[in-house]
Structure formats: C-alpha cells, structure tokens
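In: only geometry, no sequence info:
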C-alpha cells in the first residue's frame with residue numbers, strides 16, 4: 001500500500017519534548033518527518049498528529065462563560081517517509097491533507113465545546129464526551145480520506161478531498177486561534 005497515514009489524537013502529552021505545532025494549517029516539508037523508516041513499511045509515509053485542548057468554565061448568575069483553546073500538534077518524532085519518495089510532491093500533498101484534517105478536528109472540537117450547554121455538575125464529563133465523539137468521527141474521516149483517494153493514487157478524488165478540506169477550514173474560521 002502506498003501512503004496510509006496513521007493518526008494519534010490525545011488530550012494529554014507524555015514527558016517528551018513538545019513537537020512542532022501545526023497552527024493554521026502549517027505547511028509540511030519532508031524535513032518535518034524525522035522518525036526512521038520502519039523495517040518493513042506497508043506504505044510510503046506515516047503522519048502523526050494529535051490534539052490538545054484546555055478550557056476554563058465559569059458559572060455565574062449571568063450565565064456560563066467558556067474559553068477553549070485547541071491545537072493540532074504535528075509529531076515529527078513519530079512521522080516518517082520512505083527516503084526514496086521524498087521527491088513525490090503528490091504524496092507530500094496527501095500527507096498535508098491528513099494534517100489539515102487534524103487541524104479541522106481541533107477546530108471542530110472547539111466549536112462543539114463552545115456550543116454545548118454545560119451543566120455545573122457534569123461539565124467535565126460533557127467535555128470529555130465531546131472530545132471522544134470528535135476523536136472517533138475524525139478517525140473515521142481519516143480512513144475515508146485514504147480509502148477514497150486510494151492513499152493519494154486516485155488524483156481525481158484527491159482533488160475533491162483537497163476542496164472539501166479547504167472549505168471546512170474556511171467554514172470554521174471563527175474558531176481559528178486569535179493572534180496576539
């Protein structure tokens with residue numbers, strides 16, 4: 001199989017050094033894929049990313065105030081590419097699509113949390129459930145992306161997915177991180 005990108009979405013990070021952040025759909029380069037090639041790879045590249053989130057909830061007499069920050073983190077230490085494929089720009093573009101889907105997942109998580117009517121007694125569980133549901137949904141979207149594009153080999157479907165991804169990022173513009 002050419003290029004299946006495995007994903008990891010976690011709300012917590014281990015004690016490892018923090019990898020590069022993928023803010024506002026950062027553009028990937030092959031140099032970002034720092035992990036060594038496995039012995040018997042089944043595909044040409046492995047793109048790992050995960051989501052982190054933080055939130056503050058204030059329940060007052062005038063209502064509930066929620067602040068949420070989400071990030072899609074590209075994990076370069078666990079992302080790799082077959083060195084013989086580093087000239088394959090179509091493969092790199094496909095891998096960019098995986099990272100962009102991760103970015104969309106982070107924005108969608110933020111949107112869903114902000115739109116939820118939170119209960120003072122159960123809000124932590126509610127937010128965790130939103131995270132789990134979003135995680136499950138975007139894992140399925142990742143699988144569909146690879147299936148429909150045939151891991152980037154079907155360029156017609158790849159172009160369709162590229163348009164879907166761009167439109168979804170535009171649709172979630174109000175949830176983009178604010179710059180200082």
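Out: Okay, I see it. Everything quoted here is computed from the prediction, not taken from an experiment.

In: For residue 167, see how far away the nearest residue to residue 111 once chain neighbours are set aside is.
Out: Nearest residue to residue 111, sequence neighbours excluded (C-beta to C-beta, 6 or more residues apart in numbering): residue 175, at 5.1 Å. Quick note: C-beta positions are derived from backbone N, CA and C, even for glycine. Computed with C-beta to C-beta, to the nearest Å, the distance linking residue 175 and residue 167 is 15 Å.

In: Mind checking which of the two has more residues around it?
Out: Comparing residue 175 with residue 167 by other C-beta atoms under 10 Å, the one with more neighbours is residue 175, at 18 against 10.

In: any low-confidence regions in the chain?
Out: For the chain, the stretches flagged by pLDDT under 70 are 1-25, 179-180.

In: please redo it, this time with the cut-off set to 90
Out: For the chain, the stretches with pLDDT under 90 are 1-26, 40-43, 50, 63, 177-180.

In: Next, the residue of it positioned farthest from its centre: phi, psi?
Out: Residue farthest from the centre of the chain, counting by C-alpha atoms, centre = their mean, is residue 61 at 36.2 Å. Here is the backbone geometry of residue 61 (degrees, to the nearest 10): phi -70, psi -20.

In: Give me the most central residue, this structure.
Out: What sits nearest the mean C-alpha location of the chain, by C-alpha atoms, centre = their mean, is residue 102, with 1.2 Å.

In: which SS state does it fall under?
Out: Secondary structure, DSSP: H, G, I helix; E, B strand; the rest coil: residue 102 is helix.

In: In this structure it contacts residue 52, no?
Out: No - applying C-beta atoms under 8 Å as the test, residue 102 and residue 52 come out as separate, 11.3 Å apart.

In: burial count for residue 103?
Out: Other residues lying near residue 103 total 25 when counted by other C-beta under 10 Å.

In: what's the nearest residue to it if we skip its chain neighbours?
Out: residue 72 (4.4 Å).

In: what is that neighbour paired to in the beta sheet?
Out: Residue 72 has these beta-bridge partners by DSSP bridges: residue 51.

In: Quick check: it vs residue 118, distance?
Out: Distance from residue 72 to residue 118, by C-beta to C-beta: 23 Å.
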